[in-house]
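# Compute the structure for the input listed below.
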Amino acid sequence: MSRIGDCWDNAVAESFFGSLKQERVQWKNYQTRYEAQQDVLQYISMFYNSHRLHSYLGYKNPNQYEAEAVIINKVA
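Numbers count the residues shown, from 1 in each chain. This next block holds a predicted model:
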């Protein structure tokens, strides 16, 4: 853990929320909170985890990276 005032602890969360805002919600006007929640959940489950490539994961999506990690752990 870093000391108070250091930003490294929040880097992953800030990166995610930046992507969410830029790629999904920036230009949308939601009529209800429920509509916004459903749209964000759809973004996470249908795009962010299954299709969007992440440079930190070697340009793989999180589902693909996790599946490969499970196979490697079973072999080892």
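# mind checking how far the top helix by length along the chain is from the chain centre?
Secondary structure of the chain per DSSP state H: the longest helix is helix 62-75. Distance of helix 62-75 from the chain centroid (CA atoms, centre = their mean, to the nearest Å) equals 18 Å.
# Then stretch 58-70?
Distance, centroid of stretch 58-70 to centroid of chain: 13 Å (CA atoms, centre = their mean).
# Using PDB, write out every CA atom in that stretch.
Written as PDB, here are the backbone C-alpha positions of stretch 58-70 (Å, rounded to 0.1, in the frame of the first residue of the first chain):
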ATOM      1  CA  GLY A  58      -1.300  -8.500 -23.200                       C
ATOM      2  CA  TYR A  59      -4.100  -7.200 -25.500                       C
ATOM      3  CA  LYS A  60      -6.500  -9.900 -24.500                       C
ATOM      4  CA  ASN A  61     -10.000  -9.500 -23.000                       C
ATOM      5  CA  PRO A  62     -10.500 -10.400 -19.300                       C
ATOM      6  CA  ASN A  63     -12.500 -13.500 -20.100                       C
ATOM      7  CA  GLN A  64      -9.900 -14.800 -22.400                       C
ATOM      8  CA  TYR A  65      -7.100 -14.000 -20.000                       C
ATOM      9  CA  GLU A  66      -8.900 -15.700 -17.100                       C
ATOM     10  CA  ALA A  67      -9.700 -18.800 -19.200                       C
ATOM     11  CA  GLU A  68      -6.000 -19.100 -20.200                       C
ATOM     12  CA  ALA A  69      -4.900 -18.700 -16.500                       C
ATOM     13  CA  VAL A  70      -7.300 -21.600 -15.500                       C
END
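# Of all the residues in it, which ones are buried?
Buried residues in stretch 58-70, counted by 16 or more other CB atoms under 10 Å: Asn61, Pro62, Gln64, Tyr65. Using the backbone N, CA and C atoms, a C-beta is placed for each residue, glycine as well.
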